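J.: Sharing a sequence plus its predicted fold:
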Amino acid sequence: MQRALNVLTGGLALFCSALAVCGSLAAAEQLVPAEQGALREAIENAQAGDVLRLAPGDHSGPVTVDRSITLTGEGLASIVGNGTGSVITVTAPDVTVQGLTLTGSGLSQETLDAGVKLTKQAHRAVVRDNRILNNLTGVDVHGARKATVSNNLIEGRRDLRVNERGNGIYVWNAPHLLAEYNTIRFGRDGVFVNTSHKDTFRNNRFEDLRFAVHYMHGNSGVIEGNVSRNNDIGYALMFSDRLKIRNNVSIGDRNHGLMLNYANRAEIAGNMVSGGGEKCLFMYNANKNTVTDNRFEGCPIGVHFTAGSAKNLFQGNAFIRNRTQVKYVGSRDLDWSTDGRGNFWSDHAAFDMNGDGLADTAYRPNDLIDQVLWTQPSAKLLMGSPAVQLLRWTQSQFPALLPGGIVDNAPLMQPPDRKDPISGVQG
């Protein structure tokens with residue numbers, strides 16, 4: 001019995017040793033010299049699990065990665081395309097591309113030439129810590145599931161007009177994508193989602209683009225902790241359901257900070273829009289959304305609310321120093337308070353006699369004169385006339401004369417305490 005046990009133990013040890021040897025053979029590491037054709041040859045000879053460590057210098061592209069390997073350059077190696085196609089095309093699952101500078105893609109909008117193209121076979125691909133520079137598209141995630149794009153610098157072609165450039169990250173039918181801690185600038189859109197669900201975009205920075213995030217036909221996605229500066233639009237959300245838009249920042253975006261167009265049942269919470277060129281928030285036919293604890297500050301229009309948007313909940317938001325706090329053209333009465341708590345309005349002169357933190361009078365952002373001006377802009381010439389002043393005084397004394405529109409029946413006396421999304425400081 002003991003002899004049989006010894007034989008079995010020895011056999012197990014030999015088997016484990018063989019597994020270790022096989023594992024080491026299956027996960028070999030190879031240094032790839034910066035020589036013409038060396039990278040392509042190394043990929044062709046690699047086995048699944050291998051790590052190809054690229055020597056400092058320029059390596060020739062384009063290349064196709066058709067097996068589950070890692071390409072790493074430790075920040076010192078570049079892959080330079082020849083101006084056609086994508087610099088790296090990934091056609092296998094579980095591929096990692098990291099620590100490289102990637103440049104030299106083609107300019108075909110039809111094939112979406114990119115620094116990195118993840119095809120529909122490239123599931124669980126990881127693209128991280130790269131500098132993806134002067135390509136048409138930065139990363140094209142085209143059908144790959146559960147991919148990760150993180151901590152990359154992606155810069156587009158500044159020698160092209162904006163509409164001729166590609167997007168920083170283009171996403172099509174790539175569920176459960178995670179894109180985080182990327183810096184994207186000088187492209188067309190920072191992120192363009194086209195028909196993809198359950199993706200997450202967080203803690204990215206977007207600068208000098210058309211749209212920071214352009215989200216179309218994508219449901220149940222998460223957009224949180226991102227910063228948009230000096231773009232045409234910060235976050236454009238279109239034809240999508242059940243998005244979570246949380247703790248994002250838009251600073252100095254030229255048109256809108258947040259735009260919802262046929263976006264429904266979204267959670268829009270804890271965002272900050274400051275100094276926008278036109279509108280902090282534009283809602284067009286957007287329904288059943290919750291808009292809570294956001295800060296809309298210093299825009300010509302705080303919220304433009306139009307085209308039949310209905311059943312939206314507004315609570316705990318701060319509307320501060322917007323030239324027009326709310327623009328709403330309609331005859332319905334919409335109460336922007338819920339469960340006895342509304343929003344803060346910096347231009348609401350009111351008292352709080354019982355000290356409960358709520359103003360003693362309701363707030364109406366728009367009156368009949370506002371409605372006339374929006375439909376007949378030439379009426380601005382009459383703004384200083386005694387007749388207009390008398391009409392405004394009459395409305396304030398007889399609220400029944402006020403038109404239908406937005407009313408906050410429980411306005412807050414102070415803006416809610418909230419954590420600044422950039423500094424993390426409570427204030």
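T.: Structure's in. What do you need? Numbers count the residues shown, from 1 in each chain.
J.: Only C-alpha atoms from now on, for both contacts and neighbour counts.
T.: Fine.
J.: how about the helices of this protein, start to end?
T.: Counting by DSSP state H, residue ranges of the helices within the chain are 2-26, 38-45, 368-375, 386-397.
J.: ok now do the spatially most central residue of the chain, which residues does it touch?
T.: The centre of the chain sits closest to Val213, judged by Cα atoms, centre = their mean, with a distance of 4.2 Å. By Cα atoms under 8 Å, 6 or more residues apart in numbering, the residues touching Val213 are 189-192, 234-237.
J.: Among these, which lie within strands?
T.: Using DSSP state E, the members of these that fall in strands are 189-192, 234-237.
J.: Redo those residues as a markdown table? Include pLDDT, neighbour count and distance to Leu177.
T.: Converted to a markdown table, those look like this (pLDDT from 0 to 100; neighbours: other Cα atoms under 10 Å; distance: Cα to Cα, whole Å):
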| residue | pLDDT | neighbour count | distance to Leu177 |
| --- | --- | --- | --- |
| Asp189 | 98 | 32 | 17 |
| Gly190 | 98 | 36 | 15 |
| Val191 | 98 | 26 | 12 |
| Phe192 | 98 | 22 | 13 |
| Gly234 | 98 | 37 | 20 |
| Tyr235 | 98 | 29 | 18 |
| Ala236 | 98 | 20 | 19 |
| Leu237 | 97 | 26 | 17 |
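J.: Can I get those residues in TSV including distance to Pro365?
T.: As requested, the ones in strands among the contacts of Val213 are arranged in TSV below (distance: Cα to Cα, whole Å):
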residue	distance to Pro365
Asp189	34
Gly190	34
Val191	34
Phe192	35
Gly234	25
Tyr235	25
Ala236	25
Leu237	25
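J.: now, which of those sits nearest Ala310?
T.: The shortest gap between Ala310 and any of the ones in strands among the contacts of Val213 belongs to Leu237, at 16.8 Å (Cα to Cα).
J.: Okay, now the unreliable bits of the stretch 251-400 of the chain?
T.: Screening the stretch 251-400 of the chain residue by residue with the criterion pLDDT under 70, one finds the ranges 307, 330-331, 366-400.
J.: one more time with 50
T.: Counting by pLDDT under 50, the stretch 251-400 of the chain contains low-confidence ranges at 368-369, 372-374, 379-380, 383, 388, 391-393, 395, 397-398, 400.
J.: ranges for the strands of it?
T.: Remark: strands assigned in the stretch 251-400 of the chain by DSSP state E, counting those that start in this stretch are 256-261, 267-269, 272-274, 279-284, 290-292, 295-297, 301-306, 313-315, 318-320, 324-328, 334-335, 344-345.
J.: Output the ones you listed in a markdown table; the columns should cover distance to Glu35 and mean neighbour count.
T.: Putting these into a markdown table (distance: least, Cα to Cα, whole Å; neighbours: other Cα atoms under 10 Å) gives the following:
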| stretch | distance to Glu35 | mean neighbour count |
| --- | --- | --- |
| strand 256-261 | 47 | 26 |
| strand 267-269 | 51 | 21 |
| strand 272-274 | 49 | 24 |
| strand 279-284 | 52 | 25 |
| strand 290-292 | 56 | 19 |
| strand 295-297 | 54 | 25 |
| strand 301-306 | 57 | 22 |
| strand 313-315 | 61 | 21 |
| strand 318-320 | 59 | 23 |
| strand 324-328 | 62 | 22 |
| strand 334-335 | 68 | 18 |
| strand 344-345 | 64 | 24 |
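J.: what about Ile97, distance to Phe201?
T.: Heads up, residue 97 is Val, not Ile. For Val97, the distance to Phe201 under the criterion Cα to Cα, to the nearest Å works out to 19 Å.
J.: Also Ile88?
T.: 23 Å.
J.: For the two, work out which one has more neighbours and name it.
T.: Each of Ile88 and Phe201 has its neighbours counted (other Cα atoms under 10 Å); Ile88 has more, 25 against 22.
J.: List the contacts of that one.
T.: Residues in contact with Ile88 (Cα under 8 Å, 6+ apart) are 61-65, 114-117.
J.: Which strand residues bridge the residue nearest to the centre of the chain?
T.: With beta bridges defined as DSSP bridges, Val213 has these partners: Val191, Tyr235.
J.: Please work out which residues outside the longest strand seen in the chain touch it.
T.: Residue-count comparison of every strand in the chain, with assignments taken from DSSP E, identifies strand 70-80 as the longest. Applying Cα under 8 Å, 6+ apart, the external contacts of strand 70-80 come out as 49-62, 87, 95-104, 129-130.
J.: now the stretch 101-250 of the chain, which segments are flagged as low pLDDT?
T.: The stretch 101-250 of the chain contains no residues with pLDDT under 50.
J.: Quick one: which of the contacts of Ile88 is the most crowded by neighbours?
T.: Neighbour max across those (other Cα under 10 Å) = Ala114, 36 neighbours.
J.: That one bridge partners, please.
T.: When bridges are called by DSSP bridges, Ala114 pairs up with Thr137.
J.: Roughly how far does it sit from Thr84?
T.: With the distance defined as Cα to Cα, Ala114 ends up 10 Å from Thr84.
J.: tell me, what's touching these two both at once?
T.: Between them, Ala114 and Thr84 have 105-106 as joint contacts when contacts are counted by Cα under 8 Å, 6+ apart.
J.: Buried among the contacts of strand 70-80? Need that as a selection in ChimeraX.
T.: In ChimeraX syntax, the buried subset of the contacts of strand 70-80 is picked out as below (16 or more other Cα atoms under 10 Å):
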select :49,50,51,52,53,54,55,56,58,59,60,61,62,87,95,96,97,98,99,100,101,102,103,104,129,130
